[in-house]
Every structure is written in C-alpha cells, then in structure tokens.
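> sharing a model that was predicted from the sequence below.
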Amino acid sequence: MKWLRISTALTGIAACSFMLAQVAPQAREAGAIFAAQDDPAALSELKLDAVLRQNDRLVQDHIEAALAAGDADLADSFVALARDRNIALPDDLLSRVSDAVKAENSTSHFAKRFATGLVTGSADDVASLSGTVAGDLFVIGDVRDVVREGKHLAMGEDTDRLVLGLAAAGLAVTAATYVSIGGAAPVRAGLTLVKDARKVGRLGEGLAAWAGRSAREVVDTPMLQNAVASGSVLRPGQTVSAIKAAFRAEKAGALVRLGKDVTRVAEKTGTRGAMDSLRIAEGPKDVARAARLAEAQGSKTRAIMKLLGRGALLLVAGAFDLALWLFGAALTLFGLLSSIKATTERLTQAWCDRRRARRLRRAQVAAEAALASAAGTA
C-alpha cells in the first residue's frame, strides 16, 4: 500500500510534466500578448508571428490580390513587411510592384487625382487628398457640404449630421490655419479625411456614431439653419461668417484630437492607410492606437492592418482563449508542484518508517540478548 501511494504520486509528476510541456508555449505566448495589450506595435508583432507561421505564402498572396485590385500602395506595404520579416519574394513579383508604384506616382496620375479631389471633395489617395484639402482650405468644399446638408436639415430631409458637423468644424479650423500660418493645417487635413471616409462609407460604425454625437455638440442647429437658409457657394464670405457663428469652438476639442491622430496616421502610412484605420476603428481611442502603430511600423502598417484588422490595435477576440491557456498552465503547474510535494512527503515517510522499523528490530534483538544473558546467569 505504501509503495502504491508513492507510485501514484510519481505518476502524477510524470503526467503533469507532460501536460505542462504541451501548454507552456501557448501560455507563454498568451502571457506576452496580455502584457503587450496596451502597446499596439508590440501586440501586432506577436500576432504577426502567429499568423505568418500558419501560411508561408500569405504575404505573396496578398501582394497578388492588391495588384489585381489596383492598390499598388498596399502591395508595396506587403513588400516592406516581407523585407522586414526576411520573407523571400519572386523577382518578377517585386518588379511588378515597383512598376505599379511608379505608375501610381506619375505626374499625370497625380494631376488627374488632384483635380478629382478638388472638384468632387472625395479622396482615396495622396493626390486626391491634396485636391480635397486644397478645396477645403479655400472653404469651397466645406461651404458646399454645409450648405447641402444644412438645407436638407432645414427642409426636414435626411441629413448627414456628421458631415455637417465636420464641415462646420473644418471652416473654423481653416480660419485658425490662416491665422496661425498653417499651424492648424494637420488638423484640417485630418478632419477632411474623416469627412471623406464618411462619404465613401469607410468610417467604422462605432467611430461614426461617436463622431456624430460630437458633431451635434459643436453645431448650434437653429442658428445653422438660419445661416444656410440664405447661404450659397457663390457667396462664400457671407456664408462662412454665418456658419462660423453657429459653431461652438469650446465643444470641438474631441474632434480636433481625432483630426490630429488621423493626420499622424496619414503622415506615416499615406491617405489609404489613414482610411484603413478609420474603417476598422470603433472610437477615437482606436485611432490614437493606430497612430502609435503607424509611428512604430511606418510603411508596413497597411499590411499589418490588412492581416490583423482591428486586432492590430487591441485585443478584440480570443482573450477568453488566452486566459484559458494561462489558467490551464497555472493549474498544471499547481498539479506538478502538488505531486512533487506528495512524492517527497511519501518518500520521506517511507524512509522514516524504515528507520523506525530498523531501530525497533535492533532494540528487540538487544532485549532478547539481555533476556538470554539474564537467564544464563540465573
């Protein structure tokens, strides 16, 4: 019975050791991810390791898909990621990416996209954003948007209050840009990007809801309705003055911070990278995380967000599974330590019992010898 108990404890040590060897790598990775959850750059690196281990051709397939979709910037981002990760790519694929990037950055393409952004107020690349920002800096774009959405509001029609609020905020920031000689231009560009993302349906639902609430706070609706009732794009000076009077600058701090963060992303990843971050963001904190990620990863950011989605910014899924790995490792370690303790106690008890039995036998032999000696003497 004694040796059976010892054998059971030794079996527990062997079983727990085997299980711990199986769960330790996953638990270690889960712990690293939990530790990096507030650092988007470190978190994305850990998640990339897991994703790229599963498919050797993942990067190459995404480059092919980006080229097929005409997105040379995204393909070039994946090339930068492959170079950073020492992933070999075919020479012909690299040549195709290089040619596509050159064509996209050509003078004729830039001029065409600039004109499109200036006229339509819609941006999806650097050139069209330059045209859009130029239009907004000369108040044409913002006045157009405010007058259009404001008249919808006055007539009781469907109104995009987010575009309306962003355009009104943009007019106030544009005035600050002129006063500060360009000092507020980054905020101006960021607000334009958010407005354009809303127009083309690339603004995440959570972020759109938050920005819509913020936009309502910065606009005095009755005053704005009076301003747009007689406003016109043909009279920008008079219209801008009336709209600015309906703008509550003291309520615009959150939108201004959002514009700054969007501009930080665009500076490191380009316009499309900023659009990607706005599409996956569920709130201003996500955009701030995207800005930190872009500052750390640079041109690789678009590829990372394409592979990981919102998971590049924070733990959005799998947290329960990660916690289970950690709990399983802790439970297995507890079992191993308990088995070691039980084995040690039982071996020690067996050794003590053996010594006690030996002492008893020696005492018994001595007693018997004493009795025999006493009997002989008698």
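Right, received. Where do you want to start? Being a predicted model, the structure only gives us computed values, none of them experimental.
> can you give me the buried ones in stretch 68-88?
Across stretch 68-88, burial judged by 16 or more other CB atoms under 10 Å covers 71-82, 87. C-beta coordinates here come from the backbone N, C-alpha and C atoms, glycine included.
> contacts for that stretch?
48, 52, 59-60, 62-63, 66-67, 89, 94, 97, 100-101, 103-104, 125, 269-270, 272-273, 298-304, 306 (CB atoms under 8 Å, 6 or more residues apart in numbering).
> name the residues that touch the host helix or strand of Ala294?
Assigned by DSSP states H and E, Ala294 belongs to helix 284-297. Helix 284-297 has contacts (CB under 8 Å, 6+ apart) with 39-41, 44, 204, 206-207, 210, 254, 257-258, 261-262, 264-265, 267-269, 273, 277-278, 280-281, 301, 304-305, 310, 312-314.
> what's downstream of that helix, the next helix or strand?
Immediately after helix 284-297, counting by DSSP H and E, sits helix 301-308.
> give me the mean pLDDT for that following helix.
In this model, helix 301-308 carries a mean pLDDT of 90.
> check stretch 274-292 too.
88.
> hang on, the earlier thing: just the ones of the buried residues of stretch 68-88 in strands?
If you go by DSSP state E, those have nothing in strands.
> among those residues, pick out the one closest to Thr8, please.
Closest approach between the buried residues of stretch 68-88 and Thr8, by CB to CB: Ile87, at 50.1 Å.
> so how far is Leu166 from the closest one?
Shown here: Ile87 relative to Leu166, a distance of 40 Å by CB to CB, to the nearest Å.
> now, of the contacts of helix 284-297, which are buried?
Using 16+ other CB under 10 Å as the burial test, those include 40-41, 44, 204, 207, 210, 254, 258, 261-262, 264-265, 267-269, 273, 277-278, 280-281, 301, 304-305, 310, 312-313 as buried.
> which strands and helices lie in contact with the lengthiest helix in the chain?
For the chain, the helix that runs over the most residues, judged by DSSP state H, is helix 319-377. Judged by 3 or more CB pairs under 8 Å, 6 or more residues apart in numbering; DSSP states H and E, the packing partners of helix 319-377 are helix 2-35.
> before we move on, back to that, quick one: the helix holding Ala294 to helix 301-308, angle?
On the basis of axes from the mean of the first three to the mean of the last three CA atoms, to 10 degrees, helix 284-297 is oriented at 120 degrees to helix 301-308.
> check which residues of helix 284-297 are buried.
Neighbour-count burial for helix 284-297 flags 284, 286-297 (criterion: 16+ other CB under 10 Å).
> and what of stretch 330-346?
332-333, 335-336, 339-340, 342-343, 346.
> can those go into CSV with extra columns for distance to Val200?
Converted to CSV, the buried residues of stretch 330-346 look like this (distance: CB to CB, whole Å):
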residue, distance to Val200
Thr332, 51
Leu333, 52
Gly335, 56
Leu336, 57
Ser339, 61
Ile340, 62
Ala342, 66
Thr343, 67
Arg346, 72
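> could I get the residues you listed as TSV with pLDDT?
Below are these laid out as TSV (pLDDT from 0 to 100):
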residue	pLDDT
Thr332	82
Leu333	79
Gly335	81
Leu336	79
Ser339	81
Ile340	84
Ala342	81
Thr343	82
Arg346	81
